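*Asks:* With the sequence up front, the predicted model follows.
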Amino acid sequence: MAMTPDGVDPVLARAARSLKEQPVDARWIDISDSIISRVRATTRRTWPVDAEYPTAATQPERKADTLRISDHIVRSAVRRALAGVHGAEPTAIDLYLDGHTCTGAHIEIVGVYGDDLQAEGAHLAAIALATLNDLLGSVPPLTRADIDVRVNDIKLTAE
Amino acid sequence: MKVDDPDATAGETAGAVGEPFGEEFIAAPDRVLVNAAALGERDAFEAIVLRYGPEMLRYAQHMLSDAGAAEEVTQDAFVAAWKGLDTFRGDSSLRTWLFTLVSHKVIDHRRRRSVTPTRDWVFDTTPAPITDHPETRVSNADFLTELDAALAELPYRQRAAWLLREVDGMTHAEIGRILVITPSAVRGHLVRARATLSERMAAWR
């Protein structure tokens, strides 16, 4: 086996380089579309959460109607509201549920080293509370005490 | 949204206003993508697909020598990843975890296909070169064709270890995690793979 001075077989080095430098498969666009379509069609287990029609306040007849929203939608809405605020990064969002009624939320985040995490936690809880009340309405109305925010990790800089 | 704190509008601007939703994920670190995707953000998962899909597909293609099958196992691996993100706790990197999934799907596919594994004795003799005219063997396409043939003849673990190490640049520990073998065993497979490939590709030296 002929080797270069650094002990590497030049043919195998060329082989590895050739494979690494091969252009992305021309079918990749179609393949990635197929993957994404399959993922979108793949459901995860969800739980319906009671909500109030947004127009219930002005249309009393709507109060009696039933509206339920997937817990995934609720958690995504909270995540989007919190992502990036003070550089925080939500890592878990769990809803407290009594049957189909949301009674609160537990949120875990990665905080930023050196920040006032207590103040930021309170701020994030306020944002989460506002998001939940916007989305679910007052069934029943949530308060600040229903939202737990826990900083479970620290990163050095806000990204 | 109404929040007492005047800074609350910062939450509304994060990844929501001023950019199409999903763009926040294009350059995001893996950790951010995993956390967001685990919370149900399909846009974050799509960013993972676009980031790691091409190299996973390449690995599957070289492991299966069948473009259609490689596409299928890559898709299956990503669907498994989507379903299993809740259980991904960062014990390995996202890339290693995804390669583990595609590696398992490759094995499943080979079992279904009932491929008879190649025996090491096959390489006791030097195979004949693909063409008898060395002067024509200059193009990279010919080189790659012969390399593909040589790789296809390697036993499964040797081929996987060589591809993951030399093409995908993984460490012995990462390869061991993907192939569910020890790093020492990875080193052994690599030594044998290099020796066989070197002999098989000797005509290009």
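*Replies:* In hand now; what should we look at? Numbering: from 1, shown residues only, chains lettered A, B, ... in the order given.

*Asks:* what stretches of chain A score poorly on pLDDT?
*Replies:* Along chain A, the model assigns pLDDT under 70 to residues A:1-7, A:157-159.

*Asks:* mind redoing it with 90?
*Replies:* For chain A, the stretches with pLDDT under 90 are A:1-9, A:21-26, A:39-46, A:52-67, A:72, A:76, A:83-92, A:110-120, A:137-142, A:151-159.

*Asks:* C-alpha coordinates for the longest helix seen in chain B, CSV please?
*Replies:* The single longest helix within chain B, with elements called by DSSP state H, is helix B:42-64. Written as CSV, here are the backbone C-alpha positions of helix B:42-64 (Å, rounded to 0.1, in the frame of the first residue of the first chain):
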residue,chain,number,x,y,z
ARG,B,42,-42.6,22.1,11.7
ASP,B,43,-40.6,25.0,10.2
ALA,B,44,-37.8,24.2,12.7
PHE,B,45,-37.9,20.6,11.7
GLU,B,46,-37.8,21.5,8.0
ALA,B,47,-34.7,23.5,8.7
ILE,B,48,-33.2,20.3,10.2
VAL,B,49,-34.2,18.3,7.0
LEU,B,50,-32.5,20.9,4.8
ARG,B,51,-29.4,21.0,6.9
TYR,B,52,-28.7,17.3,7.3
GLY,B,53,-30.8,15.6,4.6
PRO,B,54,-28.3,15.7,1.8
GLU,B,55,-25.5,14.0,3.8
MET,B,56,-27.9,11.4,5.2
LEU,B,57,-29.2,10.7,1.7
ARG,B,58,-25.6,10.3,0.4
TYR,B,59,-24.8,7.9,3.3
ALA,B,60,-27.9,5.8,2.5
GLN,B,61,-27.1,5.8,-1.2
HIS,B,62,-23.6,4.4,-0.6
MET,B,63,-24.9,1.9,2.0
LEU,B,64,-27.6,0.5,-0.2
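
*Asks:* Distance from the chain centre to stretch A:41-54, please.
*Replies:* 15 Å (CA atoms, centre = their mean, to the nearest Å).

*Asks:* Would you mind listing the buried residues in that stretch?
*Replies:* A:49, A:50, A:51, A:52, A:53 (16 or more other CB atoms under 10 Å in any protein chain shown). (Each C-beta comes from the backbone N, C-alpha and C, glycine too.)

*Asks:* What average pLDDT does stretch B:44-64 get?
*Replies:* Averaging pLDDT along stretch B:44-64 yields 95.

*Asks:* Now name the helix or strand holding residue B:79.
*Replies:* Using DSSP states H and E, residue B:79 sits within helix B:67-84.

*Asks:* again with residue A:151
*Replies:* Here residue A:151 is assigned to strand A:147-155, by DSSP H and E.

*Asks:* Likewise for residue B:35?
*Replies:* Here residue B:35 is assigned to helix B:30-38, by DSSP H and E.

*Asks:* same question for that helix, mean pLDDT?
*Replies:* Here the average pLDDT along helix B:30-38 is 89.

*Asks:* is that helix anywhere near chain A?
*Replies:* Yes - contact of helix B:30-38 with chain A (CB under 8 Å from any CB of the partner chain) involves B:31, B:32, B:35, B:36.

*Asks:* picking up where we left off before, pick the one among the buried residues of stretch A:41-54 closest to chain B.
*Replies:* Nearest to chain B among these, counting by CB to the nearest CB, is residue A:49 at 13.5 Å.

*Asks:* Pull the contacting residues for the closest one.
*Replies:* Shown in contact with residue A:49 (CB atoms under 8 Å, 6 or more residues apart in numbering or on different chains): A:68, A:69, A:70, A:71, A:74, A:95, A:97, A:100, A:101, A:102, A:136.

*Asks:* Give me the contact list for the helix holding residue B:79.
*Replies:* Under the contact criterion CB under 8 Å, 6+ apart, helix B:67-84 has outside partners A:27, A:31, A:34-35, A:38-39, A:42, A:44, B:37, B:45, B:48-49, B:53, B:56-57, B:60-61, B:63-64, B:88, B:97-98, B:101-102, B:104-106, B:108-109, B:113.

*Asks:* buried set for the helix or strand that comes right after that helix?
*Replies:* Remark: after helix B:67-84, the chain's next helix or strand is helix B:94-113, criterion DSSP H and E. Applying a neighbour-count criterion of 16+ other CB under 10 Å, one finds B:94-107, B:109-110 buried in helix B:94-113.

*Asks:* Least confident of those?
*Replies:* Minimum pLDDT across the buried residues of helix B:94-113 falls on residue B:110, with 88.

*Asks:* hmm, back to that, kindly indicate which of the buried residues of stretch A:41-54 lies nearest residue A:10.
*Replies:* Closest approach to residue A:10 among these (CB to CB): residue A:49, at 62.8 Å.

*Asks:* Direction included, what does the helix or strand where that closest one lies pair up with?
*Replies:* Following DSSP H and E, the helix or strand that holds residue A:49 is strand A:48-51. Paired neighbours of strand A:48-51 in the sheet (DSSP bridges): strand A:67-70 (antiparallel).

*Asks:* In what element of secondary structure is residue B:161 found?
*Replies:* Using DSSP H and E, residue B:161 falls in helix B:156-162.

*Asks:* what's around residue B:179, how many residues?
*Replies:* Residues lying near residue B:179 (other CB atoms under 10 Å in any protein chain shown) number 21.

*Asks:* for it, what are its contacts?
*Replies:* B:103, B:157, B:160, B:161, B:164, B:186.

*Asks:* Now with 6 Å, please.
*Replies:* residue B:160 (CB atoms under 6 Å, 6 or more residues apart in numbering or on different chains).

*Asks:* Give me the pLDDT for it.
*Replies:* Reading off the model, residue B:179 has pLDDT 96.
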